[in-house]
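K.L.:
just the structure for this:
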Amino acid sequence: MNLFRSSIRPSVIPRSYLYSSFLVCRTQINPQRTIVYMDGLTKDDRITIAPVRTEYAARLDQTYTEVEDAWRRLTGEHAAAFELPRELLLQVFTHKSFRHGIFPYNERLAFYGRKLFTLQIALLVSAAPSESLTAIAGKDIDAVTAPTADHLLHSRNPIFNVAKASQILPLIKWKSAKNFEDVLTAPPRKSGLFEAGSQTIFASIGAVAMHHGGAKAEQFVRRVVMGGPYGILKVSVTS
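P.N.:
Numbers count the residues shown, from 1 in each chain. Predicted coordinates for the structure are as follows:
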């Protein structure tokens, strides 16, 4: 048994092998075989031995396709302008809670994206012309502290509603905070879906900024997050 254990070492999993429902290990005894730790199996059936490269490649390609479809749905007619690499898209849709954060996740992208979102909202609401005594260069600085702006700047509800309306929530990779029969119908704040969904939208902004630059990120906020088919302005009007 010790000899068998010592012959098994977890592989260094390349990026193209991420996000499967199993952990891949190679054996030194027979490198052509693969030990697969499958999810959902009983303890006795935990280990199976089978070649999985072809099956996994197909599953990974399907995951990429689903995430790309969700991205095109979110961005609408602007999909071509904000196209992202498949690997980066998958990171955008991956919360830190997924598999204990062993895969690339979106936390830093979301942090960056939220800062950019806050800046753009402040610029948008303060750009309205004003003749107030407190106006600066003819612009309404008081609008930044108005209730509507304050709601956009400090509440995640509008951002979560974008994720919900665009139907990208089922594609987000995350782990529920509690055991629910259906995490998509459970209270989102209790399950953790509220956090995962809003963070995915913020991460989208961060990813666009990192890949396309700040100017594109500004357009993404204005054309997709705010004014897109599932944007904050559209959702607010229809809800």
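K.L.:
and the strands in the protein?
P.N.:
8-10, 22-27, 34-38, 47-49 (DSSP state E).
K.L.:
so who does residue 168 touch?
P.N.:
Residue 168 sits next to 70, 73-74, 93, 197, 200 when contact means CB atoms under 8 Å, 6 or more residues apart in numbering. All C-beta atoms are positioned from the backbone trio N, CA, C, and that covers glycine.
K.L.:
gap between it and residue 122?
P.N.:
26 Å (CB to CB, to the nearest Å).
K.L.:
same deal with residue 208?
P.N.:
19 Å.
K.L.:
residues near the closest residue to residue 228 other than its chain neighbours, how many?
P.N.:
Take residue 228 and drop its neighbours on the chain: the residue closest to it by CB to CB, 6 or more residues apart in numbering is residue 76, 5.4 Å away. Neighbours of residue 76 under the rule other CB atoms under 10 Å: 15.
K.L.:
ok, now residue 232?
P.N.:
Count around residue 232 with other CB under 10 Å applied: 22.
K.L.:
equivalent analysis for residue 215, please.
P.N.:
Neighbours of residue 215 (other CB under 10 Å): 9.
K.L.:
top of the contacts of residue 168 by neighbour count?
P.N.:
The most crowded member of the contacts of residue 168, judged by other CB under 10 Å, is residue 200 (29 neighbours).
K.L.:
where does that residue land on pLDDT?
P.N.:
For residue 200, the model assigns a pLDDT of 97.
K.L.:
residue 203 now?
P.N.:
97.
K.L.:
what of residue 10?
P.N.:
43.
K.L.:
over to residue 174?
P.N.:
Model confidence at residue 174 (pLDDT) stands at 89.
K.L.:
now residue 164: how far from residue 102?
P.N.:
27 Å.
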